[in-house]
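>>> need the 3D shape of this:
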Amino acid sequence: MSDPREPLRLSVDRDRCAGAGMCALTAPQVFDQDDEEGLVVLLHPAPAPAHRAAARMAVGLCPAGAITLGAPGPTAS
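Sure, this is the predicted structure:
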């Protein structure tokens, strides 16, 4: 299991989103739903350390698999 304190990068695929809202309920500091279609809105692609565990849980709870979790890319020098 990965360390919830490790940096991460999130992305969402609104075309896959089913509007279940599990992400917004699980990690409201990271995800929301739009008012028109109820689809996922990614508020913070690189969540703060305090919100990473909830964001990881939201990824696993998404019934449509619309949220992707990855490590942050290398920093430019």
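
>>> CA only for contacts and neighbour counts going forward, please
OK.

>>> which residues in this protein form helices?
22-26, 52-61 (DSSP state H).

>>> count of residues packed around the closest residue to Cys17 other than its chain neighbours?
Computed as C-alpha to C-alpha, 6 or more residues apart in numbering, the closest residue to Cys17 that is not its neighbour in sequence is Ala66, at 5.2 Å. Ala66 has 18 neighbours, counted by other C-alpha atoms under 10 Å.

>>> re the thing from before, would a markdown table of the helices of the chain with mean pLDDT be doable?
Output for the helices of the chain, formatted as a markdown table (pLDDT from 0 to 100):
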| stretch | mean pLDDT |
| --- | --- |
| helix 22-26 | 98 |
| helix 52-61 | 96 |
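
>>> and the ones you listed as TSV, adding mean neighbour count?
Shown next, in TSV, are the helices of the chain (neighbours: other C-alpha atoms under 10 Å):
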stretch	mean neighbour count
helix 22-26	21
helix 52-61	20
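
>>> save those as CSV, and put in distance to Glu6 too.
Shown next, in CSV, are those (distance: least, C-alpha to C-alpha, whole Å):
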stretch, distance to Glu6
helix 22-26, 19
helix 52-61, 8
